[in-house]
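Q: Build me a model:
(2 chains)
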Amino acid sequence: MAKIIQVIKGTHDILPQEAEQWHFLEKNAIEIFSKYGYKEIRTPVLEATELFARGVGDTTDIVNKEMYTFEKGDRSLTLRPENTAGVVRSFIENGMTRLSAPVKLWYKGPMFRYERPQKGRQRQFHQVGVEMFGVKEPAADAEVILMAVNYLKSLGLNDLDVEINSLGCPKCRDEFKLKLKEVLKPEFSNLCEDCQNRYEKNPLRLLDCKVESCKAIFEKPEIQKVIQSDFVCEECKTHFDELKLYLDKMNVKYSVNKLLVRGLDYYNRTVFEIKSNNLGSQNAVCGGGRYDSLVKNLGGEDTPAVGWAMGMERLISLLPERKIKKLDGYIVSNFSAEAFQLAEELRHEGYSVEFDLSNKKFTKQLEKASKVANYALILGEDEIKSNTVSVKNLATSEQKTVSKKDLRSIL
RNA sequence: GCGUCUGUCGUCAAGCGGUUAAGACCUCGGAUUGUGGUUCCGAUAUGCAUGGGUUCGAAUCCCAUCAGACGCCCCA
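A: Coordinates of the predicted model:
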């Protein structure tokens, strides 16, 4: 036997059983998002590497060590690790700045990140996401969060925790970073290796450290004082307060998590995550926030934006299993030409019908029918002569012989 | 990139150094050439992720590689 070729590490096949769940996610996405006026956009899986370096941020882990990048000709290409940068690129390139705001887009598709696979994390995974351009007011943040919650509800996922936070604007955030670094400076040598790296690269992420010794340091009163201080400026605070007001009015339950920072560079002001307790350590099903400077950074006109993405594999792992749909009918017959004709007739009328293509014995065909269909349509010599079909309900064993016309009222 | 554990038929598994590698499910065939889902018979791994090594002897011990699970980091 020839050598078997395996799937690539961190990727997997979506088999028929699971595909039913994907259809469910996709159907609900279109339904819910279009109620809010979102239109689907599909961008290429392949983009210029520079898009992510500039868009996602070259200090992020995603860009530094997780991208599938290769050279083709004289250009560097990358398999998209996320889709916000791609959508923004398309927004700018297709002149959507000229469209009447807000511009509301949603997408779904595969993303690629070179990471060590674990529960809820693959190298090829899929995201559904939404992006709204052109509205700086907090109502946009609220709508986007509300839509995420409603989408999850439509999937039957109700017991998820919404966490929000404000990162402030570049100005007030930088001031906070400085303060934080200052107060942590004396403890620098006591921090864990990761935290020492984060100290320069992204001090906000320090707060999230799970190492006990680091946690202990952060508990110190003078450091807590800085962490707990409302560092955001007046405008940012107002924005955040208004968002909370909207969420309260819309009955969205949430908690404010001051340690929520998120790892993509483009966020400012609002960030949020939706988490589940049933996912292990990769517990976020949805992550997003506001990214008011990204469009400008990528060469477009200054345009505020908010959005989020959900990991579809993580959603599916929270869904109950679905049964594969049975066929409406399975034709049991040893007259294949006639069976073929009947099958085609019914298919054209919208029924799902199969028949035995290899002319097996009657009992085998019936056995097959009972496994895959709701009704067995028996088409033997007698039936053909009288232009009828014997219809057997495979659940109740009821059987009656009817004319082909009456068949439609049974199936 | 780091750590821990795991890898026997399509699936779930027993075997843990000594003759032909249990069993169950699925699949296929037969009992049953017009009535299935119940039952009964039968078939299906010259091989134990792959490659080396130790041994008289390896699925069982050792090493490497590959793959998987979970955690760290990070993220959806």
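
Q: What pLDDT does the model give residue A:210?
A: pLDDT recorded at residue A:210 is 67.

Q: scratch that, residue A:405 is what I was asking about
A: 85.

Q: What strand or helix carries it?
A: If you go by DSSP states H and E, residue A:405 is part of helix A:404-410.

Q: Same question for residue A:6.
A: In the assignment (DSSP H and E), residue A:6 maps to no helix and no strand.

Q: Any figure for the gap between it and residue A:12?
A: Per CB to CB, to the nearest Å, residue A:6 is found 11 Å from residue A:12. Just so you know, the C-beta spots here come from the backbone N, C-alpha and C atoms, and that holds for glycine as well.

Q: who has more neighbours, these two?
A: Remark: of residue A:6 and residue A:12, residue A:12 carries more neighbours, 15 against 7, as counted by other CB atoms under 10 Å.

Q: Next, give phi and psi for that one.
A: phi -150, psi 160 (degrees, to the nearest 10).

Q: Could you tell me which residues of the stretch 301-411 of chain A lie near RNA strand B?
A: With CB under 7 Å from any atom of the strand as the criterion, the stretch 301-411 of chain A meets RNA strand B at residues A:309-311, A:313-314, A:360-364, A:366-368, A:370-371, A:376, A:378, A:380-383, A:390, A:392, A:394-395, A:397, A:399.

Q: Would you map the strands across the stretch 151-300 of chain A?
A: Under the criterion DSSP state E, counting those that start in this stretch, the stretch 151-300 of chain A carries strands at the ranges A:161-166, A:255-256, A:268-275, A:284-290.

Q: and the longest one with strand A:161-166, angle?
A: To tie it back to what came earlier, the one meant is strand A:268-275. When axes from the mean of the first three to the mean of the last three CA atoms, to 10 degrees is applied, the directions of strand A:268-275 and strand A:161-166 differ by 170 degrees.

Q: swap in the last one?
A: Using the same axes, to 10 degrees, the interaxial angle of strand A:284-290 with respect to strand A:161-166 works out to 20 degrees.

Q: helices or strands next to strand A:284-290 in the packing?
A: Packing partners of strand A:284-290 (3 or more CB pairs under 8 Å, 6 or more residues apart in numbering; DSSP states H and E): helix A:138-154, strand A:268-275, strand A:305-311, helix A:312-318.

Q: Parallel or antiparallel, which strands does it pair with?
A: Taking DSSP bridges as the criterion, strand A:284-290 forms sheet pairs with strand A:268-275 (antiparallel), strand A:305-311 (antiparallel).

Q: Rounded mean pLDDT for the shortest one, please.
A: In this model, strand A:305-311 carries a mean pLDDT of 96.

Q: Stretch A:164-177 now?
A: Stretch A:164-177 shows an average pLDDT of 87 in the prediction.

Q: For it, buried residues please.
A: Neighbour counts over stretch A:164-177 (16 or more other CB atoms under 10 Å) mark A:164-169, A:172-173, A:176 as buried.

Q: start to end distance for it?
A: 19 Å (CA to CA, to the nearest Å).

Q: neighbouring contacts of it?
A: Identification of contacts with stretch A:164-177 by CB atoms under 8 Å, 6 or more residues apart in numbering yields A:145, A:203-204, A:226, A:231-233, A:235-237, A:239-240, A:243-244, A:247, A:254-262, A:267-272, A:289, A:293.

Q: Contacts for the helix holding residue A:405 next, please.
A: A:342, A:345-346, A:349, A:375, A:377, A:387-389, A:391, A:402.

Q: repeat that with 6 Å
A: The contact list for helix A:404-410 (CB atoms under 6 Å, 6 or more residues apart in numbering) reads A:389, A:391.

Q: Can I get it as CSV, trimmed to CA atoms?
A: This file holds the C-alpha atoms of helix A:404-410, laid out as CSV (Å, rounded to 0.1, in the frame of the first residue of the first chain):
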residue,chain,number,x,y,z
LYS,A,404,-47.5,8.6,-8.1
LYS,A,405,-49.5,11.9,-7.8
ASP,A,406,-50.6,11.1,-4.3
LEU,A,407,-47.0,10.4,-3.3
ARG,A,408,-46.4,14.1,-2.9
SER,A,409,-49.0,14.4,-0.2
ILE,A,410,-47.2,11.8,1.9
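
Q: and residue A:87, what does it touch?
A: A:105, A:131.

Q: Against residue A:53, how distant is it?
A: Counting by CB to CB - residue A:87 and residue A:53 are separated by 17 Å.

Q: Model confidence score at the residue in the stretch 251-400 of chain A that RNA strand B sits nearest to, please.
A: Distances between the stretch 251-400 of chain A and RNA strand B by CB to the nearest atom of the strand are smallest at residue A:263, namely 0.5 Å. Note for residue A:263: predicted pLDDT of 71.

Q: So out of everything in the stretch 1-150 of chain A, what residue is nearest RNA strand B?
A: Using CB to the nearest atom of the strand, residue A:119 is the residue of the stretch 1-150 of chain A that sits closest to RNA strand B, at 2.8 Å.

Q: Go ahead and confirm that residue touches residue A:280.
A: Yes - between residue A:119 and residue A:280 a contact is recorded at 4.3 Å, counting by CB atoms under 6 Å.

Q: Which per-residue confidence value corresponds to the nearest residue to residue A:237 once chain neighbours are set aside?
A: Excluding its sequence neighbours, the residue lying closest to residue A:237 (CB to CB, 6 or more residues apart in numbering) is residue A:230, at 6.6 Å. Reading off the confidence values, residue A:230 has pLDDT 74.

Q: what does residue A:411 give?
A: Reported pLDDT for residue A:411: 82.

Q: Just the C-alpha atoms of stretch A:333-350, please, in CSV.
A: C-alpha atoms of stretch A:333-350 as CSV (Å, rounded to 0.1, in the frame of the first residue of the first chain):
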residue,chain,number,x,y,z
SER,A,333,-36.5,-1.3,-6.7
ASN,A,334,-34.8,-3.7,-9.1
PHE,A,335,-35.9,-1.8,-12.1
SER,A,336,-33.2,0.8,-12.2
ALA,A,337,-34.4,2.8,-15.2
GLU,A,338,-37.8,3.3,-13.6
ALA,A,339,-36.2,4.0,-10.2
PHE,A,340,-33.9,6.6,-11.8
GLN,A,341,-36.9,8.3,-13.5
LEU,A,342,-38.9,8.5,-10.3
ALA,A,343,-35.9,9.7,-8.3
GLU,A,344,-35.3,12.5,-10.8
GLU,A,345,-38.9,13.5,-10.9
LEU,A,346,-39.0,13.8,-7.1
ARG,A,347,-35.7,15.6,-7.0
HIS,A,348,-36.9,18.2,-9.4
GLU,A,349,-39.9,18.8,-7.1
GLY,A,350,-37.5,19.5,-4.3
